[in-house]
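*Asks:* what follows is a predicted structure for the sequence shown.
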Amino acid sequence: MTDIRTIALRAKQAAIQLAAVSTDIKNRALAQIALALQAAEADIVAANQADIEAAEAQQLAAPLLKRLRFDQTKIQEVGAGLKSLVGLTDPVGVTLSALELDRGLELYRVSRPIGVIGVIFESRPDALVQISSLCLKSGNSVLLKGGSEAARTNRILADIIIRASVRAGIPEGWLGFLETRSDVADILGMDASIDLIIPRGSNTFVKHIMDNTHIPVLGHADGICHVYIDQAADTEMAVKIVLDSKTQYVAVCNAAETVLVHQSVARAVLPALRKALEENGVEIRGCEATRHIIDVRPASEADWCTEYLDLILSVKVVSDMAAALDHINTYGSGHTDVIVTADKERALRFMDLADTADAFWNCSSRFADGFRFGLGAEVGVSTNKIHARGPVGLEGLVIYQWRLLGNGHIVADYCGTDARAYTHKKLN
């Protein structure tokens, strides 16, 4: 087995070359990866079935088993994602701003890859394909460590992606596949080789990563998402949005975990909400005011700050929108929060005051997704407030470089009593 430091060094060297690879070569590599995955369908499905059987033997929870599955449908989905990524604009080499400092002295801000990105992710094998393809298109090398429960599937996917991309002209070493827990501990100290770490996992895990590395970390710990049903909400719409937010795919970070209901509409909304949720197998845990209206289990303080990733939903009746926002800003994780209301002014105020990466009006929290945003899937969702926030797609995987073009200009000419003046004129 290759030493992890050697893998990281190769990725660093490859990143320098990958930053200058043309859009045509990157797109050709993505297309070749899609074809290679399709050609290896039987082998991929067999590896995945072995992972599933091992996980079932270990009695892995049902939502996590669902995440683990990578069948023919998933292969088709990631293939479609790769093809859509080919059609997206290359984020590298874009002129973000242009300024004339003086005649013949021009300053440009140009987008560039970040470099080497280390991504530690959960059991979903499709995440490996999405993350690696986004890094490739954005010109970044990537070190990938998936969950041990998907080890066989991740290994064959990584091998296919590496071989197909290198054949298409991508520098060798651009993708490093990590397999052990000790690999994770090792890369946390490699700030000379790794430029950014993106962890995807539990709150405890993400905090552990942040506390044990000097490498910048981008990501989110929990996905404690809220739906606030306002006094001006349409009941039918509210129930429909809550149901989709909670049950469309329960084991994901953008699924709703708490519903807040304005007290003036609680008696109209809660019975209909309870009926729809219980028909879909959702257990409701409610505050005292909620339990005076519908018969549900009591909610504890811990429920307000729990990411269930399961068919459980906490419900709280609030006095007004200010109370709803106070709850969201106290217990939320800054991921995605929704208001259901017919009042545009109230919706905009909610979005202005909700301390969250994604603020939605009259739509499901499940739309918080890089593919649905048109970003070409995502490497994760960031609740950071610098560089990138919300679903992180191609644009979140580039930084920029300042480029100054002169013609013998020197700073001394701009100093003293006869100094030249800067024009600071924007260029088209």
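*Replies:* Yep, it's here.
*Asks:* drop to CA atoms for contacts and neighbour counts, all remaining ones
*Replies:* Noted.
*Asks:* please identify the buried residues of the helix or strand harbouring residue 208?
*Replies:* Element membership of residue 208, judged by DSSP states H and E, is helix 203-211. Of all the residues in helix 203-211, those buried under the rule 16 or more other Cα atoms under 10 Å are 206, 209, 210.
*Asks:* tell me which helix or strand comes right after that helix.
*Replies:* Helix 203-211 is succeeded, C-terminally, by strand 225-229 (DSSP H and E).
*Asks:* kindly confirm my reading that residue 5 is in a helix.
*Replies:* Yes - counting by DSSP: H, G, I helix; E, B strand; the rest coil, residue 5 is found in a helix.
*Asks:* now it: how far from residue 208?
*Replies:* 21 Å (Cα to Cα, to the nearest Å).
*Asks:* now residue 245
*Replies:* 29 Å.
*Asks:* any chance of the buried residues of helix 203-211 in a markdown table, plus pLDDT?
*Replies:* Below are those laid out as a markdown table (pLDDT from 0 to 100):
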| residue | pLDDT |
| --- | --- |
| 206 | 82 |
| 209 | 89 |
| 210 | 87 |
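*Asks:* confidence score at residue 199?
*Replies:* Listed pLDDT for residue 199 reads 89.
*Asks:* who's in contact with it?
*Replies:* Residues counted as contacts of residue 199 (Cα atoms under 8 Å, 6 or more residues apart in numbering) are 119, 120, 121, 206, 209, 217, 218, 219, 220.
*Asks:* which of the residues you listed are buried? Put it as a ChimeraX command.
*Replies:* Buried residues within the contacts of residue 199, by 16+ other Cα under 10 Å, are selected in ChimeraX with:
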select :119,120,121,206,209,217,218,219,220
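*Asks:* between the contacts of residue 199, which is closest to residue 67?
*Replies:* Set against residue 67, the nearest of the contacts of residue 199 by Cα to Cα is residue 121 (11.9 Å).
*Asks:* where exactly do the strands run in the stretch 101-250 of the chain?
*Replies:* Along the stretch 101-250 of the chain, counting by DSSP state E, counting those that start in this stretch, strands occupy 105-113, 116-120, 141-145, 175-178, 196-199, 225-229.
*Asks:* low-confidence ranges in the stretch 151-300 of the chain?
*Replies:* Across the stretch 151-300 of the chain, the ranges flagged by pLDDT under 70 are 221.
*Asks:* hey, where'd the helices end up in it?
*Replies:* 151-167, 181-187, 203-211, 235-247, 266-279, 288-291 (DSSP state H, counting those that start in this stretch).
*Asks:* adding distance to residue 103, write these out as a markdown table.
*Replies:* Formatted as a markdown table, the helices of the stretch 151-300 of the chain follow (distance: least, Cα to Cα, whole Å):
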| stretch | distance to residue 103 |
| --- | --- |
| helix 151-167 | 44 |
| helix 181-187 | 47 |
| helix 203-211 | 46 |
| helix 235-247 | 56 |
| helix 266-279 | 66 |
| helix 288-291 | 69 |
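*Asks:* closest to residue 366 out of the ones you listed?
*Replies:* helix 235-247 (5.5 Å).
*Asks:* who touches the closest one?
*Replies:* Residues outside helix 235-247 that contact it (Cα under 8 Å, 6+ apart) are 227, 229, 254-257, 259, 268-269, 272-273, 276-277, 280, 311, 313, 340, 362-366.
*Asks:* repeat for stretch 413-427
*Replies:* Applying Cα under 8 Å, 6+ apart, the external contacts of stretch 413-427 come out as 98, 99, 100, 101, 102, 103, 412.
*Asks:* measure that stretch end to end?
*Replies:* 22 Å.
*Asks:* what comes up buried for it?
*Replies:* For stretch 413-427, it's none, nothing buried (16+ other Cα under 10 Å).
*Asks:* and what of stretch 38-50?
*Replies:* So, applying 16+ other Cα under 10 Å, buried residues of stretch 38-50: 38, 44, 45, 47, 48, 49, 50.
*Asks:* taking those residues one by one, which sit in helices?
*Replies:* 38, 44, 45, 47, 48, 49, 50 (DSSP state H).
*Asks:* once you drop chain neighbours, what's closest to the third one?
*Replies:* Distance criterion Cα to Cα, 6 or more residues apart in numbering; nearest residue to residue 45, sequence neighbours excluded, is residue 71 at 5.6 Å.
*Asks:* same check, this time on the last one
*Replies:* The spatial neighbour of residue 50 that comes closest, neighbours along the chain excluded (Cα to Cα, 6+ apart), is residue 152 at 7.5 Å.
*Asks:* ok, now which ones touch that neighbour?
*Replies:* 47, 48, 50, 51.
*Asks:* quick check: it vs residue 55, distance?
*Replies:* 12 Å.
*Asks:* what of residue 47?
*Replies:* 13 Å.
*Asks:* equivalent analysis for residue 149, please.
*Replies:* 6 Å.
*Asks:* these two: who's more crowded?
*Replies:* residue 149 (24 against 19; other Cα atoms under 10 Å).
*Asks:* could you export the ones in helices among the buried residues of stretch 38-50 as CSV, including pLDDT and distance to residue 189?
*Replies:* Listed next are those as CSV, based on pLDDT from 0 to 100; distance: Cα to Cα, whole Å:
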residue, pLDDT, distance to residue 189
38, 96, 37
44, 97, 33
45, 97, 35
47, 97, 32
48, 96, 32
49, 96, 35
50, 96, 33
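*Asks:* got the residues you listed as a markdown table, with distance to residue 387 columns?
*Replies:* Output for those, formatted as a markdown table (distance: Cα to Cα, whole Å):
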| residue | distance to residue 387 |
| --- | --- |
| 38 | 35 |
| 44 | 36 |
| 45 | 37 |
| 47 | 37 |
| 48 | 35 |
| 49 | 39 |
| 50 | 39 |
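*Asks:* state the number of residues packed around residue 302.
*Replies:* Residue 302: 8 neighbours (other Cα under 10 Å).
*Asks:* just the pLDDT for it.
*Replies:* The model's pLDDT for residue 302 equals 97.
*Asks:* coming back round to it: overlap in contacts, residue 47 and residue 55.
*Replies:* With Cα under 8 Å, 6+ apart, residue 47 and residue 55 have no common neighbours.
*Asks:* what residues are up against residue 90?
*Replies:* 23, 137, 138.
*Asks:* how much space between the closest residue to the first one other than its chain neighbours and residue 166?
*Replies:* It refers to residue 23. Excluding its sequence neighbours, the residue lying closest to residue 23 (Cα to Cα, 6+ apart) is residue 90, at 6.4 Å. According to Cα to Cα, residue 90 stands 19 Å off from residue 166.
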